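Visitor: Structure, please.
(one chain, ligands or ions: 2)
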Amino acid sequence: MARFEWKEDLATGNELVDGQHKQLLEFANRFFEASHHAKGKLALKRSFELLEQHTQVHFHDEEQLYCQIGSRRLDDQRIEHGRMRSELKAIRSLWVSNFGFVKEVDRALTTWMETRLLPHIFEHDRQAFADRREPPD
Ligand SMILES: [Fe+2]
Ligand SMILES: [Fe+2]
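Guide: Ligands and ions are numbered 1, 2, ... in the order given. Next up is the predicted model:
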């Protein structure tokens, strides 16, 4: 069974963003699958890179969208996205330098998903759509 399931309460109501969030969960699950089945170094590396690349694309697309709709949360989102990019990079360097300890990376990524990405989607992304600037008179 997949470790992270997308649930309706994560929905922002925006098709592009919801689709990308589902994809991020899917890519994270692929990494956990590869880790669980003790796949080779290359498979693990690829699945982690895929998650990281799609996270970058997603954050970029989201920021553009919040800019277009005039969300008051754009600046907060940029800051949080920047922090999360750095955290993911730190997890990558953990496994690049410590490949023998895949389980540590697995744990670090699980914690990141549970305490950073999913709460960000649930609290901040959903709010960013709700919290728009008043249109000018
Ligand atoms: Fe998001
Ligand atoms: Fe976001």
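
Visitor: Report how many residues lie close to Leu16.
Guide: Neighbour count for Leu16, taken as other Cβ atoms under 10 Å: 12. All C-beta atoms are positioned from the backbone trio N, CA, C, and that covers glycine.

Visitor: give the contact list for the nearest residue to it once chain neighbours are set aside.
Guide: Excluding the flanking residues, the one nearest Leu16 by Cβ to Cβ, 6 or more residues apart in numbering is Asp61, at 6.7 Å. When contacts are counted by Cβ atoms under 8 Å, 6 or more residues apart in numbering, Asp61 touches 16-17, 20.

Visitor: where does Asp61 land on pLDDT?
Guide: Predicted confidence (pLDDT) at Asp61: the value is 98.

Visitor: how much space between it and ligand 2?
Guide: 10 Å (Cβ to the ion, to the nearest Å).

Visitor: quick one: what helix or strand has that residue in it?
Guide: According to DSSP states H and E, Asp61 maps onto helix 41-69.

Visitor: Show me what the helix or strand just after that helix is packed up against.
Guide: Tracing the chain past helix 41-69, the next element assigned as helix or strand by DSSP H and E is helix 74-97. If contacts are counted by 3 or more Cβ pairs under 8 Å, 6 or more residues apart in numbering; DSSP states H and E, helix 74-97 sits against helix 41-69, helix 102-112.

Visitor: tell me how far helix 74-97 is from the chain's mean position?
Guide: On the basis of Cα atoms, centre = their mean, to the nearest Å, helix 74-97 sits 10 Å off its chain's mean C-alpha point.

Visitor: Give me the buried positions along that helix.
Guide: By neighbour count on 16 or more other Cβ atoms under 10 Å, the buried set for helix 74-97 is 74, 77, 80-81, 84, 87-88, 91-92, 95.
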